[in-house]
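# Give me a model of this one.
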Amino acid sequence: MYQEVSENFVSDALERGYIQEKSYASSTQHGVYNAEDNVRMVIKKSNSGRQLNGFTLDTENEVLFKRNTKFIATDTYVKDGKRYMR
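This is a model prediction of the structure:
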C-alpha cells in the first residue's frame with residue numbers, strides 16, 4: 001500500500017511539475033533524514049529554506065521550509081533501491 005501511495009505521489013508531482021504541501025516541510029542538509037522513507041527529494045536550490053542550527057541538535061542540519069513552499073519536480077530515478085525525485 002505504501003509503495004502505491006509513494007508512486008502516486010511521484011507521478012502526481014511530475015505531472016504537475018511541483019510538490020506543494022500546506023504544512024511546513026523539513027529536510028536535512030547532509031545525509032538522510034529518515035532511513036525508512038519511500039521517496040527522497042533532492043533539493044538543489046532553495047530561496048526560502050531556513051537552517052535551524054542553534055535550535056536543534058548540531059548533527060541534524062535541519063532546514064525548515066514555510067507552508068505552501070513549491071518544490072519544482074523535474075525527474076525521478078532509483079538508486080540503491082530507493083526512489084529519488086529532484
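
# Where do the helices of this protein begin and end?
2-16 (DSSP state H).

# low-scoring stretches of it, by residue?
Along the chain, segments meeting pLDDT under 70 span 1-2.

# the strands in it, which residues?
Remark: strands assigned in the chain by DSSP state E are 18-20, 25-28, 39-41, 50-51, 62-65, 70-72, 76-79, 82-85.

# Next up, the contacts around the residue nearest to residue 77 when sequence neighbours are not counted.
In space, and not counting its chain neighbours, residue 77 is closest to residue 84: 5.4 Å by C-beta to C-beta, 6 or more residues apart in numbering. The way it works is simple: take the backbone N, C-alpha and C, and place the C-beta from them, glycine included. Counting by C-beta atoms under 8 Å, 6 or more residues apart in numbering, residue 84 touches 39, 40, 41, 42, 76, 77, 78.

# Please name the bridge partners of the second one.
Assessed by DSSP bridges, residue 40 has beta-bridge partners residue 84.

# and it, what does it touch?
For residue 40, the contact set (C-beta under 8 Å, 6+ apart) comprises 32, 82, 83, 84, 85.

# Report the separation between it and residue 58.
23 Å (C-beta to C-beta, to the nearest Å).
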